[in-house]
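**Q** Attaching a predicted model along with its sequence, questions to come.
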Amino acid sequence: MELIRTLTQLVNNLRSLGIRRRVAVVCPNDPHTEYVIIRSLREEIAEYLLVTDEAHVEVAHSLHAASPDFVRIYVTSTPDEAAALAVELVRTGEADILMKGLINTDNLLRAVLKKEKGLLPPGNILSHVAIAQIPLYHKLLMFSDAAVIPRPGLAQFRAMIANDIALCRKLGNDEPRVALIHCSEKVNEKFPHTLDYVQLKEEARAGKFGAAFIDGPMDAKTACDSHSGEIKGLSSPVVGNADIMIFPNIESGNTFYKTLSLFGDANMAGMLTGTVAPVVVPSRSDSGNSKFYSLALACLAGTQND
């Protein structure tokens, strides 16, 4: 597969595959979600199972009327019931992807994480992956975790890296370059995550993550700017050429996400990983474009069985 370098290329690749993913949307009642549904139907990359509460069924009916062959409607009494039903549709294989509409994220995640009836298999770790198309960077940049894990421990770092590498390979990158992010290049016991980074690099060298380069600690600039690495005397396949950045905590990851989208003029996409199927949980402040690209990313990711 050709390496995907832009989000537009990602969408074009999906269209070329000729596969419409079945997307269960919980409460598709806000303008941005409607935009995503209409645009993805036009791009022929998805079909929809709209799970709505009774108070907002008119919106679902209007979307069905515009594309009756690719939109089905399920009506429940409350948003929480809509979340439970949408999760069930994904869990039983009737839908490939779960997407959040106008419902509180906590309410949706309660359904996603419910024991025996949710989407997270025992032993799996839920994490978030974002992808940014940044005008001043030469390829798509993936990073974790901006939304789910407050302070990753070693097992969570492992899961984040494994999930992100798997997704990177779906984008045509067979040998991803992973930067372990810190404020400097020094390993320091005052920052326990830097000790985890040492362990992760040893595991990478032993082949735990397959064909991939993993290096760090390093700061975000060094990860993406080769000149910065040269000044610091650093030599690594990752320096200046990172495909994936792993952040030490949710504050740094989330700040990076919001800064790129506001000041970096970046197009963004994001989804949850670790679940049996992709889960799209966009931020309320995300643009319509970002939410569309998030859905497209989830469509490309497909399911565990792809």
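**A** Now that the structure is in, tell me what you want to look at. Model, not experiment: these values are computed from the prediction.
**Q** tell me the average confidence for stretch 140-149?
**A** Averaging pLDDT along stretch 140-149 yields 96.
**Q** Show residues contacting it.
**A** Stretch 140-149 is contacted from outside by 4-7, 125-134, 152, 156, 160, 163-164, 167-168, 171, 224, 242-247, 250, 253-254, 256-257, 270, 272, 281, 283, using C-beta atoms under 8 Å, 6 or more residues apart in numbering. From N, CA and C alone the C-beta is placed, and that goes for glycine too.
**Q** ok, now with 7 Å
**A** Here stretch 140-149 makes contact (C-beta atoms under 7 Å, 6 or more residues apart in numbering) with 4-5, 126-134, 152, 156, 160, 164, 167-168, 171, 242-247, 250, 253-254, 256-257, 272.
**Q** One more: stretch 60-75?
**A** 20, 28, 34, 37, 41, 47-52, 54, 57, 85.
**Q** Selection in PyMOL covering whichever of those are buried, please.
**A** For the buried members of the contacts of stretch 60-75, the matching PyMOL selection, counting by 16 or more other C-beta atoms under 10 Å, is:
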select buried, resi 20+28+34+37+41+47+48+49+50+51+52+57+85
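**Q** Could you list which of the contacts of stretch 60-75 belong to helices?
**A** Assigned to helices by DSSP state H, the following of the contacts of stretch 60-75 qualify: 34, 37, 41, 57, 85.
**Q** Nearest to Met99 among the residues you listed?
**A** Ile37 (9.0 Å; C-beta to C-beta).
**Q** which residues does the closest one contact?
**A** 25, 28, 48, 63.
**Q** tell me the two of the residues you listed that are most distant?
**A** With C-beta to C-beta as the measure, no two of these lie farther apart than Val25 and Leu63, at 9.3 Å.
**Q** shared neighbours, the two?
**A** 37, 50.
**Q** which one of these two has more residues nearby?
**A** Val25 (31 against 23; other C-beta atoms under 10 Å).
**Q** so that one sits right up against Ala46, yeah?
**A** No. Assessed by C-beta atoms under 7 Å, Val25 is found out of contact with Ala46, at 9.7 Å.
**Q** So Tyr293: helix, strand or coil?
**A** helix (DSSP: H, G, I helix; E, B strand; the rest coil).
**Q** which residue sits closest to it, ignoring its sequence neighbours?
**A** Nearest residue to Tyr293, sequence neighbours excluded (C-beta to C-beta, 6 or more residues apart in numbering): Ala269, at 3.8 Å.
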